[in-house]
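Participant: the following block contains a protein sequence and its predicted model.
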Amino acid sequence: MALPKTLEQGRASYAYDCARKGVALNSSEYKSYTKKIPMLIKTNGLGATFAFIKSKGGKTYNLIHEQTFEWLSENKLFEFEKSEDFVKDIISLKSDKYRSATIEVLALFTWLRRFAEGLDNS
């Protein structure tokens, strides 16, 4: 019988898969961005950071944007307005949910950064 995954185990497993895709796409960019984004979030906030990511475009930023949205929405961690605009969804959250989303994204990026670093060296 398989034991149920904790949120942390699920986050780590998801981040590993994401990091593998990111490193395969462009290892130096993905590794750099997963290091940089948490500081941007802490400095500018979650909404502003993802507005920046969306404005930058490019395959690696788009991948990170999609991976983060997928983690938050598909795991039912936050109820988003089924819109196509992740930034709008983030800035529409009530302040307690916004803080929770920020903490969750930072936790996800802790794993993304670790795996991107490790996979890039292998």
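Facilitator: It's in.

Participant: show me where this structure has helices.
Facilitator: Assigned by DSSP state H, the helices in the chain fall at 7-44, 46-56, 59-74, 86-91, 95-121.

Participant: show me what counts as buried in stretch 36-53.
Facilitator: Residues of stretch 36-53 classed as buried: 37-38, 40-41, 46-47, 49-51, 53 (neighbour count, 16 or more other CB atoms under 10 Å). In this view, the C-beta of every residue, glycine as well, is placed from N, C-alpha and C.

Participant: how far away from the center of its chain is it?
Facilitator: Computed by CA atoms, centre = their mean, to the nearest Å, the chain-centroid distance of stretch 36-53 equals 11 Å.

Participant: ok, now stretch 71-89?
Facilitator: 12 Å.

Participant: kindly check the end-to-end length of that stretch for me.
Facilitator: 14 Å (CA to CA, to the nearest Å).

Participant: returning to that earlier point: mean pLDDT for the helices of the chain: which is lowest?
Facilitator: Note on the helices of the chain: lowest mean pLDDT is at helix 86-91, with a mean of 88.

Participant: most widely separated two among the buried residues of stretch 36-53?
Facilitator: Within the buried residues of stretch 36-53, Pro38 and Ala51 form the most distant pair, 16.2 Å apart (CB to CB).
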